[in-house]
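Novice: give me a model of this one.
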Amino acid sequence: MSYSVQFTLAIRSFDKKRAAFLSKKLTLPFVPFVGLSLVEPSGNSEPVVSVAWSDESQSFHCHIDAIQAEMPSGCELDLDYMIESARDNGWEGAAKIYQLAA
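Specialist: Sure, this is the predicted structure:
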């Protein structure tokens with residue numbers, strides 16, 4: 001048996017004031033679960049934080065949160081880099097970076 005899954009990925013800035021949103025559709029040979037990480041060419045994703053079933057689309061919907069990392073030397077993995085890396089791994093979207101309310 002296989003399961004249709006719609007993943008959404010929220011990439012947030014280190015200060016949590018900006019965010020970009022992407023999505024990816026996959027078919028899994030098992031029911032997705034909270035804590036699941038996707039193995040991608042550039043490494044593992046952050047874990048799935050929520051799973052929901054859509055009766056309308058007959059698919060699971062999973063959400064993943066990622067936060068921009070601050071490196072020890074003071075350099076950062078900025079949002080643009082994280083978005084491009086996600087796109088390189090088959091994620092779609094993030095045409096706009098949103099300003100989040102404080």
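Novice: separation between Lys16 and Ser57?
Specialist: Distance from Lys16 to Ser57, counting by Cβ to Cβ, to the nearest Å: 30 Å. Using the backbone N, CA and C atoms, a C-beta is placed for each residue, glycine as well.
Novice: check Ser2 too.
Specialist: 15 Å.
Novice: and if you look at Phe30?
Specialist: 19 Å.
Novice: before we move on, what about Phe21?
Specialist: Where Ser57 is concerned, Phe21 sits at a distance of 18 Å (Cβ to Cβ).
Novice: of the two, who's got more company?
Specialist: Using other Cβ atoms under 10 Å as the criterion, Phe21 and Ser57 rank with Phe21 on top: 17 against 10.
Novice: tell me the bridge partners for the more buried one.
Specialist: Ala10 (DSSP bridges).
Novice: so it touches Trp91, yeah?
Specialist: No - counting by Cβ atoms under 8 Å, Phe21 does not reach Trp91; the two are 9.7 Å apart.
Novice: name the residues contacting each of those two.
Specialist: Leu9 (Cβ atoms under 8 Å, 6 or more residues apart in numbering).
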